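Participant: build the 3D model from these lines:
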Amino acid sequence: MTHSRRDLARRDLAKTALLGAAALLPAATAARAADAGYDNVVFTKDNPGHWAGKEGGHVPQATVEGGTLTVTTPHPMSDAHFIVSHTVILEGGKYLGRATFTPKDKPTSTHALPAGYKGAVTVTSACNLHDLWSNTISV
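Facilitator: The predicted structure is shown next:
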């Protein structure tokens, strides 16, 4: 599928906006997100907002083995509906990394954690139709 320059510019704008929203939520929980006024901006399993019922395919799952963090979103991928990106933020709001996807990709990414890292890791998953989803784990 060929994308027009306008489509690509809109996608770049969306990526930038979603990354900015992710930066607002370092190590946040659903309750803290709602209390901070981000209700219906960043979604979680416990706070799906107006996307209630969509949690199963949109909340990113994170696992750590050795020093590698693996993020997976259990979401089908199609040209019309897909996961755009994953972002990883460490405790204290430190940005670790980002992975972007096309509709042809599997929404799984790996990220090297800093040596000996212990603390919260917030992962986000951005869907082109259902906004930004967040999950926080402790390492």
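
Participant: tell me which element Gly56 is part of?
Facilitator: helix 55-58 (DSSP states H and E).

Participant: now the strands for this structure?
Facilitator: 42-43, 61-65, 68-72, 83-90, 94-100, 108-112, 120-127, 131-138 (DSSP state E).

Participant: ok, which of those strands comes nearest Ala52?
Facilitator: Across the strands of the chain, Ala52 has its closest neighbour in strand 42-43 (9.3 Å, Cβ to Cβ). From N, CA and C alone the C-beta is placed, and that goes for glycine too.

Participant: parallel or antiparallel, list what pairs with the closest one.
Facilitator: When pairing is defined by DSSP bridges, strand 42-43 lines up against strand 131-138 (parallel).

Participant: how about Gln61, what does it touch?
Facilitator: Gln61 is in contact with 71-74, 135, counting by Cβ atoms under 8 Å, 6 or more residues apart in numbering.

Participant: what is the nearest of these to Asn47?
Facilitator: With Cβ to Cβ as the yardstick, the closest approach to Asn47 among these comes from Asn135, at 11.2 Å.

Participant: still on that earlier bit, so which of the strands of the chain is nearest Trp51?
Facilitator: strand 42-43 (5.6 Å).

Participant: I figured Thr136 hits Glu91, correct?
Facilitator: No: look at Thr136 against Glu91 with Cβ atoms under 8 Å: they stay out of range, at 9.3 Å.

Participant: name the residue in these two with the higher neighbour count.
Facilitator: Thr136 (21 against 16; other Cβ atoms under 10 Å).

Participant: is that one bridged to anything, and to what?
Facilitator: Going by DSSP bridges, Thr136 forms beta bridges with Thr122.
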